[in-house]
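Visitor: the amino acid sequence is not available; the structure is as follows:
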């Protein structure tokens, strides 16, 4: 079957999709967007989390056909998504001018230097929340969505919102730090 | 993060930004947060096929027949291979003992053993075709524990053993046995005022790395193959893969693909050979990606263990003796079992000084899932038991458990049971003191003005209590882990470092075969190069087999050994650069000949700070490159009868304090806080050090209260191969993990550093168990603690 849907703001079509394929498979193997991860493929780990019409879902549990005509945001589109949100809403404390002037900090990086990052992506790097990084894309999408709903979360709020995302490396402490950091920077309009 | 202790003196490079000791950020961070980092499961090639493995549905059986006809007839299938299709004389592999068949030959020895492989143009086609392969099994009795393994009529898991342990084991179903005997336990026992005995059971833990086993094998024109794969040691894989393919090692090229965690589970091969076989058979690139179900069968686990201990002490709390027997279940194939036995036995009494010991550790061959390396590697199981024993002893003596530990704490100079002296700082008492001195979390922290926040209570959002029946407990534990490969292994690493001018700036390139599995080795390599070469720009070359071996990313060894190799190669490059400078500019300034020269901030400077030249000018058009192997101090094997020998390189110590709250009515546990104090020698990157300690701590928490692969004792089949049924800690299960990091230099190690990744996984588990015992008064001798153990409803 063919599927037409919007991914990270761009219309996409996938041909010859077998009916049993998941949205995750189509993103990764047919659209060249492997950022969403395949850690369990049974909806337990959250590494494949994407936004489907704004709602965070495990893309491994969404049949590809269910995405027909809908909007998907993946980790690859998170920076754009955050920028558009900042421009359209004034970013909860960030003025339009500030948003336009916002510069990502260059990471100490082999490649990807100067890549534009969303505040939550930058905070994950700065706080040391990335080790192997396999859980990172799903956590970023989930954390970004939580901060959109709840700009000043308590620790208990963060833990509850991210409880569907498994991480095996960090013990979650640095992930907590990263989300707190992103929330603080957001409230300061940095 | 507080850091304390004796700082290591570093002169070279102390003025260069981004060097060691700073929390520089990961070089792969941006790629990982944007989704662009290429993990092994992300590999893609035009016209690639998908490989699928057919695994045994029974644990122990003769294979009567295999019929692949229907599978081959499925449209889209390119190849089906069984044992009979293997191309070379060599058909087995293994880390130490080559006992593992690439595909089952006449027999399967555990549930989920690979029997056949399929390549097809879609993963679902490959799966369906594999399901059409007909395998007829004639089931055999299963060996599942020590009693069945050593029974007089026991079936042998491996017949006709000729490996180098076969001659000294008491039974062919014992992989390896290591006794360690020192002093006179019988005499010491007479001096004991109190004696405590205990029998403990450690469950089978899974590494549960998130990135599934996966990779892409691409056939090459010269008849060879290029494998992109997630592993912990490229050259160890290569040594095992090439003979089975019938290829020389130089025709098997390996490049490290992105690794989604490892924790020991990628030391053994998984899909590597199968992907290469299919690629060479079909002439097409073949990708294999396990799903989570298959991953539970596709790698070895942490050895479950039965541990029998006797501790004696005088009335003032001095240990008189320790006797113990540790029985590790190695499962169907040897994997790393012999080395795990070496660790469990040599570290079997923990970080304590005791002169009279009688230790025996064995690993069994059974038909349970194969077990091998996992973070902590034999030391974890022992620590769980000896720390429970120390608490029992304290209780019997009427002594504070931390005080009892302090009185017996090992120090620098203490002899291990192997007779080896610990010749670097061993701040065991200090770590306990520090972790005990950390502020306690407030009582009843779930209370708020709006009532109880159930998220902070046992049972969480299940809303099972608002504090009724909830009891707090506190427990302590400390452990010792060896760093690096032990027992005489030639544990070297290779580094190639190049320095040249690129775009008008001096740039260092570091090329090693080190597997970056998330630990941050790449970050540290760049820091070392900056410190040693005084440059800002460092490029980390992708890891592959075009450079010499970097050894395994395990045993907490990479920062020590490959880090040491990078440091050494940088020092050699520095000497060559200075020589170049002397040739070019030596006549310009007498200091070139007379002063101690350093590289800092892109310049050659004297130790007095005077600038002699820019590196750009010294290097000019030349590139300076060095590739060199580097070794830590040699070790020696343990004597097979007495266990004596200088078997270890270095030790790592951590102590934990666990605070738990237990709903005693429902048997639910909430870990409130898990504080850790650890000596790291020198924190090359404090942020990464904290991440390692907190991550390791959390894996120990998991095994304390959640994690266990459940194997049916009647059938030896795995009952919970999924993240639905095998639970690892979520962010709601994991407490805050405050740290106190001590830096006492080990003079034998580069920069005085200590390998740090494993020690926190040891003491975390027994600290949580001790806290639950403190809350409930129950003996609790098994991991994981389940609700029924607390409510008495087993």
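Guide: That came through, no problem. Treat the numbers as computed from the prediction; the structure is a model and nothing was measured.
Visitor: in chain A, where is pLDDT below threshold?
Guide: Per-residue confidence for chain A (pLDDT under 70) gives these ranges: A:89-114, A:190.
Visitor: spit out the contact partners of the most centrally placed residue in it.
Guide: By C-alpha atoms, centre = their mean, chain A has its centre lying nearest to residue A:141, at 2.4 Å. Each residue near residue A:141 by C-beta atoms under 8 Å, 6 or more residues apart in numbering or on different chains is listed here: A:49, A:50, A:51, A:56, A:73, A:74, A:75, A:78. Where you see a C-beta, it was placed from the backbone N, CA and C, and this is true even at glycine.
Visitor: residue B:288 contacts residue B:51, correct?
Guide: Yes. Under the criterion of C-beta atoms under 8 Å, residue B:288 makes contact with residue B:51 at 3.9 Å.
Visitor: what touches both of those two?
Guide: B:271, B:274, B:275, B:278.
Visitor: quick one: which of these sit in helices?
Guide: Members of the shared contacts of residue B:288 and residue B:51 lying in helices (criterion: DSSP state H): B:274, B:275, B:278.
Visitor: on that earlier part again, specify which member of the contacts of residue A:141 is nearest to chain B.
Guide: Looking at the contacts of residue A:141 and their distance to chain B, the nearest is residue A:75, at 3.9 Å (C-beta to the nearest C-beta).
Visitor: surely that closest one meets residue A:28?
Guide: No. Between residue A:75 and residue A:28 there is no contact under C-beta under 8 Å: 11.7 Å.
Visitor: who has more neighbours, these two?
Guide: Legend: neighbour count by other C-beta atoms under 10 Å in any protein chain shown for residue A:75 and residue A:28, higher for residue A:75 (30 against 24).
Visitor: for that one, give me its contacts.
Guide: Residue A:75 neighbours (C-beta under 8 Å, 6+ apart): A:35, A:36, A:50, A:136, A:137, A:138, A:140, A:141, B:33, B:34, B:35.
Visitor: and those, which two are furthest apart?
Guide: Spanning the widest gap among the contacts of residue A:75 are A:50 and B:33, at 15.3 Å by C-beta to C-beta.
Visitor: helix, strand or coil: sort out the residue nearest to the centre of chain A for me.
Guide: Residue A:141 falls in the helix class when you classify it by DSSP: H, G, I helix; E, B strand; the rest coil.
Visitor: what do you get for the one 4 residues further on?
Guide: Local secondary structure at residue A:145 is given as helix here, using three-state DSSP.
Visitor: list the contacts of the residue lying closest to it once chain neighbours are set aside.
Guide: What sits nearest to residue A:145 in space, not counting adjacent residues and going by C-beta to C-beta, 6 or more residues apart in numbering or on different chains, is residue A:56, at 4.9 Å. Going by C-beta under 8 Å, 6+ apart, residue A:56 touches A:49, A:50, A:141, A:142, A:145.
Visitor: from residue B:478, how far out is the last one?
Guide: Right, the one you point to is residue A:145. Look at residue A:145 and residue B:478: by C-beta to C-beta, to the nearest Å, they are 42 Å apart.
Visitor: between these two, which is the more surrounded one?
Guide: residue B:478 (31 against 19).
Visitor: can you pull the contacts of the more buried one?
Guide: B:350-351, B:387, B:405, B:409, B:428, B:431-432, B:653-656, B:763.
Visitor: among those, name the ones in strands.
Guide: Among the contacts of residue B:478, DSSP state E puts B:653, B:654, B:655, B:656 in strands.
Visitor: circling back: arrange the contacts of residue B:478 in TSV, one row each, with pLDDT, distance to chain A and neighbour count as further columns.
Guide: Listed next are these as TSV, based on pLDDT from 0 to 100; distance: C-beta to the nearest C-beta, whole Å; neighbours: other C-beta atoms under 10 Å in any protein chain shown:
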residue	pLDDT	distance to chain A	neighbour count
B:350	98	23	27
B:351	98	23	32
B:387	99	20	27
B:405	98	24	27
B:409	98	26	23
B:428	98	23	28
B:431	98	19	27
B:432	98	21	26
B:653	98	19	29
B:654	98	13	35
B:655	98	17	33
B:656	98	12	33
B:763	98	14	39
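Visitor: can you tell me the element the residue in chain A that chain B sits nearest to falls in?
Guide: Closest contact between chain A and chain B, by C-beta to the nearest C-beta, is at residue A:35 (2.0 Å). Residue A:35 belongs to no helix or strand when elements are defined using DSSP states H and E.
Visitor: sorry, back to before: just name the closest of the contacts of residue B:478 to residue B:202, please.
Guide: Minimum distance to residue B:202 across the contacts of residue B:478 is 12.1 Å, recorded for residue B:387 (C-beta to C-beta).
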